[in-house]
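Chemist: Test case, fold it:
(2 chains)
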Amino acid sequence: MTSPRRSLRAKQTRRSPLLTALTALMLIYSLVPLVWLVINASKTQEGLFTSFGLWFDGDFALLRNIHDTLTYDNGVFVRWLLNTLLYVVLGAGGATALATLGGYALAKFDFPGKRGVFAVVIGAVAVPGTALAVPTFLMFSKLGLTNTPWAVIIPSLISPFGLYLMWTFAASAIPGELLEAARVDGAGELRTFVRICMPLLAPGIVTVALFTMVATWNNYFLPLIMLKDPDWYPLTLGLNAWNDQAATAGGQAIFHLVITGSLLTILPLLAAFLFLQRYWQSGLAAGGVKD
Amino acid sequence: MTVLAPPTITRTGQTAPRPARRRRSWTGWAFVGPFMTVFAFVFVAPIAYAIYLSVFRTRLIGGTSFVGLENYQQVFTDPQFWSATWRVTLFLLVQVPIMLILALLIALAIDSGRLYGKAFFRVAVFMPYAVPAVVATLMWGFMYGSRFGLVGNINDTFGISLPDPLSPDLVLASIGNIVTWEFVGYNMLIFYSALQVVPKSLYEAAELDGASQFQVIRAIKLPAIRGALLIATIFSIIGSFQLFNEPSILQSLAPNAITTYFTPNMYAYSLSFSGQQYNYSATVAIVMGILTMIVAYAVQLRGTRKDR
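Modeler: Take a look at the predicted model:
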């Protein structure tokens, strides 16, 4: 989306080592904790306390730590990983689907109550999510939904940001004439959407999918209040429980597993962002923040 | 700080992409209906329920009774609530400007085209956004620690004793650092994306006029991304008022520094889940929501007025 400008400016801007060095300070700030995490995931519980934080211990225990993380307490980490995947696939997947359909409708249809839909959704964004948490919990508990996966999945289905992003994206990505042409040809609305519009919306869909995925994968507060049974915990709650274990009476300190588990938790998301860069960056640039 | 999502609220009418003008029909509802149905269930219903809860009170003797606005009166005179609110206000006055200015500087640096390896910078600075708040807090919490953290290492190596980042005096700043780390790249990306859609013809014109880089930034770039700046500010404010994850997770590492009413949200949470005071907790949540909306709205008004 930005290529004309890039080619135009490339020929005239000089690179600046000073500016690069200054910006690199920020880069170091961003990366040091991640480096710390990788290094310390290779240490034993004792090594953590006896070696320097930003360098490796003599005993390289990364593989053993990964093995221990995955098998500790009968492999509960794997269970948490599967739970997280369940919440992400149904929650973020559902949120993306609902946002895509809704955003498309807001961008390309004129329907009664459209302004109302807009006002309500925009207003909802300003409502602090956590202000909803307690009443949602009480409501779900009346309905018998708490302590089930649904208590985490259903609230994850709504992403006002996703709706907004798809709406702006659809408005610019789908030419009105194309829809008119499809209708003149007698294609049904659903068929038009699936066959013609979906491919055009792909970068927007990937962007919304990634951001809802991050939100669901990283969700802490919602599962914290909704779930009591560790068998339904996502990774975030599980890691926190492991960390708290050291503080409980008679609990075994397993900081090395907390650290290795943290590393395993963030790798899939980092990988997704890196591999899908092209899509989400163009999705954001084209839809999300243009004003 | 989970709801930090880009664009939405501001400039309601103006930003709205123009819909393709066609016959009004109900067809659109087939597409937007599913969203609205779930939305009603997880947004509208809980808000209505919270309001309902907030006008009742449960006593040990006498059960639940209607008390009108008594819970609200209690919130307004509750020192714990105000202590928490003051704390997040302080947090937002200090942390939000630091984070947004850093984000803006990096976005401008990357956009200037003068960096070596700009694509790498863009992605690397954004990476912490993909790290869950739990992991970010645990990582920083460990690093802050004097036992096997970096602070402890530095103390041992140089034989000094740095102030403990997890002490009551410093813990808020330490949380501010974690939040900044998590979201600076995200805000940078918002600014950067906004800079990408500035028409290049403006730069060319400025260049012909012999404008310096700083003049271009002041006269062209900053005004052009005012919308994005405003949006990022509003979302950061909302995020600050909602502060929960970081202090709540850090609590196990700094139990003496972080109280159960450290932030309004933690207060509402502990009222509900440790105290079973659901009615009062719902009231706290509503008051906090209203305060947040007032502040966000005020910032938006100020921001858009400057536009004209």
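Chemist: Phi, psi for residue B:57 please.
Modeler: Here is the backbone geometry of residue B:57 (degrees, to the nearest 10): phi -140, psi 140.
Chemist: residues in contact with the residue nearest to it when sequence neighbours are not counted?
Modeler: The shortest distance from residue B:57 to any non-neighbouring residue, by Cβ to Cβ, 6 or more residues apart in numbering or on different chains, is to residue B:67 (4.5 Å). All C-beta atoms are positioned from the backbone trio N, CA, C, and that covers glycine. The contact partners of residue B:67, taken as Cβ atoms under 8 Å, 6 or more residues apart in numbering or on different chains, are B:55-57.
Chemist: Would you format the residues you listed as a markdown table with pLDDT included?
Modeler: Conversion of these to a markdown table gives the following (pLDDT from 0 to 100):
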| residue | pLDDT |
| --- | --- |
| B:55 | 91 |
| B:56 | 88 |
| B:57 | 86 |
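Chemist: Of the residues you listed, which is the nearest to chain A?
Modeler: Among these, residue B:56 lies closest to chain A (Cβ to the nearest Cβ), at 11.9 Å.
Chemist: The closest one against residue B:64, yeah?
Modeler: Yes. At 5.4 Å, residue B:56 counts as touching residue B:64 under the criterion of Cβ atoms under 8 Å.
Chemist: touching chain A at all, the helix or strand containing residue B:95?
Modeler: According to DSSP states H and E, residue B:95 maps onto helix B:79-111. Yes. Using Cβ under 8 Å from any Cβ of the partner chain, helix B:79-111 reaches chain A at B:102, B:106, B:109-110.
Chemist: Return the set of buried residues in that helix.
Modeler: B:80-81, B:84-85, B:87-88, B:91-92, B:95-96, B:99-100, B:102-111 (16 or more other Cβ atoms under 10 Å in any protein chain shown).
Chemist: Give me the nearest residue to residue B:270, chain neighbours excluded.
Modeler: Nearest to residue B:270 is residue B:260, by Cβ to Cβ, 6+ apart, at 4.1 Å.
Chemist: In the stretch 51-200 of chain B, mark out all the strands, start to finish.
Modeler: Under the criterion DSSP state E, counting those that start in this stretch, strands of the stretch 51-200 of chain B are mapped to B:56-59, B:63-66.
Chemist: Show me what counts as buried in the last one.
Modeler: When you say that, I think you mean strand B:63-66. So strand B:63-66, judged by 16+ other Cβ under 10 Å, has zero buried residues.
Chemist: ok, now the first one?
Modeler: For strand B:56-59, the neighbour count (16+ other Cβ under 10 Å) marks B:56-57 as buried.
Chemist: near chain A at all, the helix or strand where residue B:222 lies?
Modeler: Element membership for residue B:222 (DSSP H and E) is helix B:222-224. No. Residues of helix B:222-224 contacting chain A under Cβ under 8 Å from any Cβ: none, with a closest distance of 9.3 Å.
Chemist: tell me the mean pLDDT over that helix?
Modeler: For helix B:222-224, mean pLDDT is 88.
Chemist: And stretch A:137-146, by the same measure?
Modeler: The model assigns stretch A:137-146 a mean pLDDT of 89.
Chemist: Contacts for that stretch, please.
Modeler: Residues from elsewhere that reach stretch A:137-146, judged by Cβ under 8 Å, 6+ apart: A:151, A:154, A:225-228, B:45-46, B:49, B:53, B:272, B:278, B:282.
Chemist: How far away from the center of its chain is that stretch?
Modeler: 25 Å (Cα atoms, centre = their mean, to the nearest Å).
Chemist: Regarding it, how distant is the last residue from the first?
Modeler: Stretch A:137-146 has an end-to-end distance of 7 Å (criterion: Cα to Cα, to the nearest Å).
Chemist: I'd say residue A:106 and residue A:115 touch.
Modeler: No. Using Cβ under 8 Å, residue A:106 is not in contact with residue A:115; the gap is 10.4 Å.
Chemist: between those two, who's got more neighbours?
Modeler: Neighbour count, other Cβ atoms under 10 Å in any protein chain shown: between residue A:106 and residue A:115, residue A:106 has more, with 28 against 11.
Chemist: and the more buried one, what helix or strand is that in?
Modeler: Per DSSP H and E: residue A:106 is located in helix A:93-108.
Chemist: quick one: average pLDDT of that helix?
Modeler: 93.
Chemist: and the next element down the chain from it?
Modeler: Past helix A:93-108, the next helix or strand by DSSP H and E is helix A:114-126.
Chemist: can you give me the offset of that next one from its chain's centre?
Modeler: 23 Å.
Chemist: which element follows that helix toward the C-terminus?
Modeler: helix A:129-142.
Chemist: Does residue B:299 touch residue B:234 like I think?
Modeler: Yes. If you go by Cβ under 8 Å, residue B:299 and residue B:234 touch, sitting 5.7 Å apart.
Chemist: give me the low-pLDDT residue ranges for chain B?
Modeler: Residues of chain B meeting the criterion pLDDT under 70: B:1-23, B:147-148, B:305-308.
Chemist: and if you look at the stretch 101-250 of chain A?
Modeler: Low-confidence segments of the stretch 101-250 of chain A, defined by pLDDT under 70: A:125-131, A:249.
Chemist: let's see it at 50
Modeler: Residue ranges of the stretch 101-250 of chain A with pLDDT under 50: none are present.
Chemist: quick one, helices of it?
Modeler: A:114-126, A:129-142, A:149-156, A:160-173, A:176-184, A:189-191, A:198-217, A:221-226, A:235-245 (DSSP state H, counting those that start in this stretch).
Chemist: Point out the most buried one among those.
Modeler: Compared across the helices of the stretch 101-250 of chain A, helix A:160-173 shows the largest average neighbour count, a mean of 25 (mean count of other Cβ atoms under 10 Å in any protein chain shown).
Chemist: starting at the chain centroid, how far to that one?
Modeler: With Cα atoms, centre = their mean, you get 17 Å for helix A:160-173.
Chemist: Can you list the helices and strands that that helix packs against?
Modeler: With contacts defined as 3 or more Cβ pairs under 8 Å, 6 or more residues apart in numbering or on different chains; DSSP states H and E, helix A:160-173 has these neighbours: helix A:93-108, helix A:114-126, helix A:198-217.
Chemist: what sits against the closest residue to residue A:270 other than its chain neighbours?
Modeler: Spatially, and ignoring its direct neighbours in sequence, residue A:270 is nearest to residue B:130 (5.5 Å; Cβ to Cβ, 6+ apart). Residue B:130 sits next to A:214, A:266, A:269-270, A:272-273 when contact means Cβ under 8 Å, 6+ apart.
Chemist: Which of those residues are buried, as a ChimeraX select command?
Modeler: With 16+ other Cβ under 10 Å as the criterion, this ChimeraX line picks the buried residues out of those:
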select /A:214,266,269,272,273
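Chemist: Let me know the closest of the contacts of residue B:130 to chain B.
Modeler: residue A:269 (4.2 Å).
Chemist: Quick check, central residue of chain A?
Modeler: Nearest to the mean C-alpha position of chain A, counting by Cα atoms, centre = their mean, stands residue A:214 at 0.8 Å.
Chemist: Could you verify my assumption that it touches residue A:266?
Modeler: No. Residue A:214 sits out of contact with residue A:266 when judged by Cβ under 8 Å, with a separation of 10.5 Å.
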